[in-house]
Every structure is written in C-alpha cells, then in structure tokens.
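Peer 1: next input, structure requested:
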Amino acid sequence: KKLSTDELIESLKTKPDNIDSICEELKTRILDLKESQTTLKEELDLANKETEELSKSWNESQAAVDNTIRQKEYLTEKLQFLESQLGKTDYEMAQMIYGKDLNW
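Peer 2: Numbers count the residues shown, from 1 in each chain. Sure, this is the predicted structure:
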C-alpha cells in the first residue's frame, strides 16, 4: 500500500533509518506536483485563449446576425412600399421620386 504524504512525514519520526527513501519519495511527489501544476497552467492558458477566440467569433457572428436582421427589415419595408405602388403610372412614380415639380 502506498502511504499518503502525511503518513510518509509521520514515518520520518518513527523510522528514521528510512529517511533517505522517504525523502526520495517526497521529492518525487513534489516534482510530480510541480509538473502537474505546470501542465494545468498550460491547459488553463490554452482554455483562456480559446475562450477569447470563441468570444471574438461569437461577437462577429452576432454582428453578422444583427446586420442580416437590419437588411431583412429594410428589404421588407421596401417590398411593402413597392407593393403599395403597384398600379401607379410611371409619371406618378417619377413624381414620388423627383418631387411634385416634375414637368413632362
């Protein structure tokens, strides 16, 4: 059975003749923890970078969606206007575009 770190430290008091092997085991565990800490920091940095990229991509997508919605609204209004103008003469349409001063 592998002893816990606390048990290893406690065994230093009870079995001082094993001090070299206990210290070596503790050193190995500390190095493993440092390596794990470094790996976790790298993974966290990568996750933060990916989050920033996703946020930027999300913002760009939202801007594109907003733009598309505005275009749809504009085109819908234009279509409604054009539908309301069906049946008008070319002269009446020209008057609407150029004003009442149109002289033909």
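
Peer 1: now the strand or helix carrying Glu7: buried residues?
Peer 2: Under the criterion of DSSP states H and E, Glu7 resides in helix 5-14. Residues 8, 11 are the ones in helix 5-14 that count as buried (16 or more other Cβ atoms under 10 Å). In short, each C-beta sits where N, CA and C put it, glycine included.

Peer 1: what lies in contact with it?
Peer 2: The contact list for helix 5-14, computed with Cβ atoms under 8 Å, 6 or more residues apart in numbering, reads 3, 18-19, 22, 25-26, 29.

Peer 1: may I ask which of the residues you listed has the most neighbours?
Peer 2: Taking other Cβ atoms under 10 Å as the neighbour criterion, Ile22 ranks highest of the contacts of helix 5-14 with 19 neighbours.

Peer 1: all the helices of the protein, residue numbers only.
Peer 2: For the chain, helices defined by DSSP state H occupy the ranges 5-14, 19-84, 90-98.

Peer 1: can I get those helices in CSV with mean pLDDT?
Peer 2: Formatted as CSV, those follow (pLDDT from 0 to 100):
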stretch, mean pLDDT
helix 5-14, 87
helix 19-84, 95
helix 90-98, 80
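
Peer 1: which residues does Arg29 contact?
Peer 2: For Arg29, the contacting residues are Thr5, by Cβ under 8 Å, 6+ apart.

Peer 1: how far away is it from Pro16?
Peer 2: Distance of Arg29 to Pro16, computed by Cβ to Cβ, to the nearest Å: 20 Å.

Peer 1: so what's the residue count around Met96?
Peer 2: For Met96, the tally of surrounding residues (other Cβ under 10 Å) stands at 13.

Peer 1: also the one 5 residues further on?
Peer 2: Applying the criterion other Cβ under 10 Å, we find 6 residues in the vicinity of Asp101.
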